[in-house]
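1. how would this look folded up:
(2 chains)
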Amino acid sequence: NAGVTQTPKFQVLKTGQSMTLQCAQDMNHEYMSWYRQDPGMGLRLIHYSVGAGITDQGEVPNGYNVSRSTTEDFPLRLLSAAPSQTSVYFCASRTGQGLNEKLFFGSGTQLSVL
Amino acid sequence: AQKVTQAQTEISVVEKEDVTLDCVYETRDTTYYLFWYKQPPSGELVFLIRRNSFDEQNEISGRYSWNFQKSTSSFNFTITASQVVDSAVYFCALSEAETSYDKVIFGPGTSLSVIP
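-> Okay, the predicted model is just below:
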């Protein structure tokens, strides 16, 4: 199994550009989420989804949009990139069976906004 | 609101020393879950352990042990006889069953360096 796949691995944007970070999982997980990792801040939750058609905001949702049209995919959209969005982004998923289930993480996307 | 604090930003130890990583959490829920994840220099995040709020038993897995104390809202992680391969960033995380269902909140992480 591939697990959680994120693309691209690296991306450089100019301020104001838009882009979509892709996340796909092949484990039939209901729950998917996006985190950003910044030095000294740990992992901060951006958005999450408990199933197709259902999304909700996390700790730092501003500047990001998500949608969940299928169980497998959970893309993260930056409509107008800002330097403050320079970060490493992780997608994670788990089963919807219980809150005590561990998260499976993708390998991350390193984004730089100039 | 849920919160996870890891007061130790960076720790350096010499190989074979024991080291304890602290985690203090805040929650109003009576049902919640605590986790530890490891992020080695390669960058991937690896699950280590989970504990629910109704199980205060300590756990030992090889050189790793975890001390969960509800009275002090702490879930500390100890590595015995540390090795260079233990060098990583370690994250403590919390999910609440009632107030913020489905949100998994992470602490800022502790960067551990094991010096040979």
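
2. and the strands in chain B?
-> For chain B, the strands defined by DSSP state E cover B:3-5, B:10-14, B:19-21, B:24-26, B:32-39, B:46-52, B:59-61, B:64-69, B:74-79, B:88-96, B:104-106, B:110-115.

3. out of the ones you listed, point me to the one whose mean pLDDT is lowest.
-> In terms of average pLDDT, strand B:59-61 trails the rest of the strands of chain B, at a mean of 81.

4. one step back: let me have the strands of chain B in a markdown table, adding mean neighbour count as columns.
-> For the C-beta atoms, the positions are set from N, CA and C on the backbone; glycine is no exception. Below are these laid out as a markdown table (neighbours: other C-beta atoms under 10 Å in any protein chain shown):
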| stretch | mean neighbour count |
| --- | --- |
| strand B:3-5 | 17 |
| strand B:10-14 | 13 |
| strand B:19-21 | 18 |
| strand B:24-26 | 17 |
| strand B:32-39 | 22 |
| strand B:46-52 | 17 |
| strand B:59-61 | 11 |
| strand B:64-69 | 17 |
| strand B:74-79 | 19 |
| strand B:88-96 | 24 |
| strand B:104-106 | 25 |
| strand B:110-115 | 18 |
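
5. contact residues of chain B facing chain A?
-> Proximity of chain B to chain A (C-beta under 8 Å from any C-beta of the partner chain) is limited to residues B:4, B:6, B:9, B:32-33, B:35, B:37, B:43-45, B:47, B:50, B:52, B:91, B:93, B:95-97, B:101-109.

6. and the strand ranked longest in chain A, what does it pack onto?
-> Counting residues, the longest strand found in chain A (DSSP E) is strand A:42-51. Judged by 3 or more C-beta pairs under 8 Å, 6 or more residues apart in numbering or on different chains; DSSP states H and E, the packing partners of strand A:42-51 are strand A:31-38, strand A:54-57, strand A:64-66, strand B:88-96, strand B:104-106.
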